[in-house]
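*Asks:* Here's my sequence, what's the structure:
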Amino acid sequence: MKIAVTYENGSVFQHFGHTEQFKLYDVEEGKVVSSQVVDTNGSGHGALAGFLADQQVDSLICGGIGPGAQMALAEAGIRLYAGCTGDADQRVAELLAGSLTYADNATCDHHDHESGHSCGDHGCGEHGCGSHTCGH
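*Replies:* Predicted coordinates for the structure are as follows:
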């Protein structure tokens, strides 16, 4: 099994379509056996689902994510755990323990806002980016 997390400085990055890195975790028998940080090489919203599929990812942990990206992930067979914040390694441990709190509908629907706005600029529950309970 392989888990990906949108990643920035050890934490879950809050805007799937703008993530520049994923941390990939290889899991065997319910335990992380290795992990690596990979660059998306400038891939944007549409290409990221394909990027993850090429990496043979089974599950994705992320913050806010738009409906188009959710659909692309579903079509690629990647299980989505959206609406997460905080330490990436901790969220993966919670997923493996069956205790990860996430929101299936943590959509990011404010793409028409002013330039430079990102989902990570505010707390949970604003701008449609995460009306959810974060897992920490």
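*Asks:* helix or strand right after the helix or strand bottoming out on mean pLDDT in the chain?
*Replies:* Here the helix or strand of the chain ranked lowest by mean pLDDT, DSSP states H and E is helix 45-54, holding a mean of 87. Reading on from helix 45-54 to the C-terminus, the next helix or strand found by DSSP states H and E is strand 59-61.
*Asks:* The residue nearest the centre of the chain and residue 31: what is the separation?
*Replies:* Within the chain, the residue whose C-alpha comes closest to the C-alpha centroid is residue 62; the distance, by C-alpha atoms, centre = their mean, is 1.9 Å. If you measure residue 62 against residue 31 using C-beta to C-beta, to the nearest Å, the figure is 22 Å. Where C-beta positions appear, they are placed from N, C-alpha and C, glycine not excepted.
*Asks:* do residue 52 as well
*Replies:* Using C-beta to C-beta, one obtains 21 Å as the distance from residue 52 to residue 31.
*Asks:* and what of residue 23?
*Replies:* 16 Å.
*Asks:* Looking at those two, which has the bigger crowd around it?
*Replies:* It is residue 23, of residue 23 and residue 31, that has more neighbours when counted by other C-beta atoms under 10 Å, with 22 against 10.
*Asks:* thought residue 72 was touching residue 52?
*Replies:* No: contact between residue 72 and residue 52 fails when scored by C-beta atoms under 8 Å: they sit 9.3 Å apart.
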